[in-house]
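S.K.: Got a predicted structure plus its sequence, pasted below:
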Amino acid sequence: MPKEQEFLYASGRIRYLETKLLNKNLVDRLMEAESVEGVIKALGDTAYAEDFGEIDNIYEFEEVLENNLLKTLKTISDSIKDNRIIRYFTLKYDYHNLKVCVKGKIMGDLKKEYFSKLGLPAEHYIKLAYEEKSDELPKNIQDAFNKAMAIYEETLDPQQIDIYLDKVLFEELENIVEDIKDPFLEGYHKAFVDLLNIKTYVRVKNMNMDLRVLLKAFLPGGSIPVEFFEKKFQEPLEELAESLSSKDYYGIIKEGIENWMETKNLSHYEKLMDNYLINYLKKGLYKPFGIEPVIGYLGAKEHEIKVLRIILVGKINGIKEDFIEERLRELYV
């Protein structure tokens, strides 16, 4: 487990960066903007100003958000010695790129712009697709590529590629968490996986799919074993929340399932899930130094970009303010 003193410099730097995060007053101003141009103007005094100033078309906003997050990751990476924490947050982009690589090879459509700059370089994946090997990529990524291709050849079902690669991603994340051995990260990761598995459980039940679908999509690394879901699968969905009443996120499950039964939509559950996780990370705000401020800030930055994306997409598509408001998440600061 890393020592708290190892994060003295990073914690000091993060205290400053936290003052640059979007707060409620600023988000209210973004919401009050009558157009997406108004949103960009309101962001003029924020950490996003420079990146938005470099694009000609607002539809390129995803590139701005990606560049901003890339700068954040580099800043934090330069401030800490333990790169495993950065790896925990960037690994999902490697697997995003691997999905693009596998599906691009299958479809015969591999373009560099489809890959995320937050993951390992696109050139390495394109080489892997064409030459079926790439010395620049880790062996586990190459093994996962070969296995995913084999799964597709056997099933001809692109969804099976996602299910397999998601499972491998979470196995690796679990290994990172176990390697770091930090209780704060372990608590965050287990809750994250549990809430994802519960969402999958609700979706499978909603679509009257077979238990085997749930077992195949079940992600490793949570605190709720797969046997629990197997046992509950034949019971009414309403009983799931009560079975998990000892969990800190019990209220999330109860309200999320009740809302789903009324609307048949999981978006409210996803919002509750994001709010629970960002509130968990807020413990990092109150720790003077240590791993908690680092993990809290990195999670907060990803969360902030999600909030900004909701607002930008809403404004670009002319969606009413109250509808965007319903989808907004709580903020870190």
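M.R.: Looks like it came in fine. Residues are numbered from 1 along each chain as shown.
S.K.: give the contact list for the residue nearest to I278 when sequence neighbours are not counted.
M.R.: If you skip the residues right next to it in sequence, I278 has H303 as its closest partner in space, 5.0 Å away by Cβ to Cβ, 6 or more residues apart in numbering. For glycine as for every other residue, the C-beta is placed from the backbone atoms N, C-alpha and C. Neighbouring residues of H303 by Cβ atoms under 8 Å, 6 or more residues apart in numbering: 274, 277-278, 281, 329, 331-332.
S.K.: hmm, 7 Å instead?
M.R.: Taking Cβ atoms under 7 Å, 6 or more residues apart in numbering as the definition of contact, the neighbours of H303 are 274, 278, 329, 332.
S.K.: and if you look at N68?
M.R.: 47-48, 51.
S.K.: list the buried ones in stretch 297-312?
M.R.: Residues of stretch 297-312 classed as buried under the neighbour-count rule (16 or more other Cβ atoms under 10 Å) are 297-305, 307-308, 310-312.
S.K.: Same check on stretch 12-26?
M.R.: 13-14, 17-18, 21-22.
S.K.: now do stretch 173-189
M.R.: 173-174, 176-177, 180, 182, 184-186, 188-189.
S.K.: just checking, what packs against the helix or strand where L169 lies?
M.R.: With the criterion set as DSSP states H and E, the secondary-structure element containing L169 is helix 158-180. Packed against helix 158-180, as judged by 3 or more Cβ pairs under 7 Å, 6 or more residues apart in numbering; DSSP states H and E, are the following elements: helix 84-107, helix 139-155, helix 183-206.
S.K.: Just the ones in helices from the contacts of N68, please.
M.R.: Applying DSSP state H to the contacts of N68, the entries found in helices are D51.
S.K.: Columns pLDDT on top of the contacts of N68, output as JSON lines?
M.R.: Listed next are these as JSON lines, based on pLDDT from 0 to 100:
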{"residue": "A47", "pLDDT": "91"}
{"residue": "Y48", "pLDDT": "93"}
{"residue": "D51", "pLDDT": "87"}
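S.K.: Nearest to Y95, out of the contacts of N68: which one, please.
M.R.: Of all these, the one sitting nearest Y95 is D51; the distance, using Cβ to Cβ, is 24.9 Å.
S.K.: List the residues that contact that closest one.
M.R.: Shown here is D51, whose contacts under the criterion Cβ under 7 Å, 6+ apart are 64, 67-68.
S.K.: how far does the helix or strand bottoming out on mean pLDDT in the chain sit from the chain's center?
M.R.: Of the helices and strands making up the chain, the lowest-confidence element is helix 49-52, at a mean of 88, by mean pLDDT, DSSP states H and E. Between the centre of helix 49-52 and the centre of its host chain there is 23 Å, according to Cα atoms, centre = their mean, to the nearest Å.
S.K.: Next: stretch 314-327.
M.R.: Centroid separation for stretch 314-327 versus its chain: 22 Å, with Cα atoms, centre = their mean.
S.K.: quick one, longest helix in the chain?
M.R.: Of all the segments of type helix in the chain, defined by DSSP H, the longest one is helix 291-316.
S.K.: and that one with helix 84-107, angle?
M.R.: Between the axis of helix 291-316 and that of helix 84-107 there is an angle of 40 degrees, by axes from the mean of the first three to the mean of the last three Cα atoms, to 10 degrees.
S.K.: For the next helix or strand after helix 291-316, the averaged confidence score.
M.R.: Using DSSP H and E, the helix or strand that directly follows helix 291-316 along the chain is helix 321-327. Helix 321-327 carries an average pLDDT of 92.
S.K.: Where does the prediction get shaky in the stretch 151-300 of the chain?
M.R.: Within the stretch 151-300 of the chain, not a single segment meets pLDDT under 70.
S.K.: centre of the chain versus the helix or strand containing I253, how much separation?
M.R.: Using DSSP H and E, I253 falls within helix 250-263. Its chain's C-alpha centre lies 21 Å from the corresponding centre of helix 250-263 when counted by Cα atoms, centre = their mean.
S.K.: In that helix, which residues are buried?
M.R.: 252-254, 256-257, 259-260.
S.K.: same deal with stretch 103-118?
M.R.: Counting neighbours by 16+ other Cβ under 10 Å, one finds that the buried residues in stretch 103-118 are 103-106, 110, 114-118.
S.K.: thinking again about what came up before, between helix 183-206 and the helix holding I253, find me the angle.
M.R.: Orientation note: helix 250-263 sits at an angle of 20 degrees relative to helix 183-206 (the same axes, to 10 degrees).
S.K.: Could you list the alpha-carbon positions for helix 250-263 in PDB?
M.R.: Once non-C-alpha atoms are left out, helix 250-263 reads as follows in PDB (Å, rounded to 0.1, in the frame of the first residue of the first chain):
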ATOM      1  CA  TYR A 250     -29.200   0.400  -0.500                       C
ATOM      2  CA  GLY A 251     -31.100   3.700  -1.100                       C
ATOM      3  CA  ILE A 252     -29.700   3.800  -4.600                       C
ATOM      4  CA  ILE A 253     -30.900   0.300  -5.500                       C
ATOM      5  CA  LYS A 254     -34.400   0.800  -3.900                       C
ATOM      6  CA  GLU A 255     -35.100   4.200  -5.500                       C
ATOM      7  CA  GLY A 256     -33.500   3.100  -8.800                       C
ATOM      8  CA  ILE A 257     -35.600  -0.100  -9.100                       C
ATOM      9  CA  GLU A 258     -38.800   1.700  -8.000                       C
ATOM     10  CA  ASN A 259     -38.200   4.300 -10.700                       C
ATOM     11  CA  TRP A 260     -37.400   1.600 -13.300                       C
ATOM     12  CA  MET A 261     -40.700  -0.300 -12.500                       C
ATOM     13  CA  GLU A 262     -42.600   3.000 -13.100                       C
ATOM     14  CA  THR A 263     -40.700   4.200 -16.200                       C
END
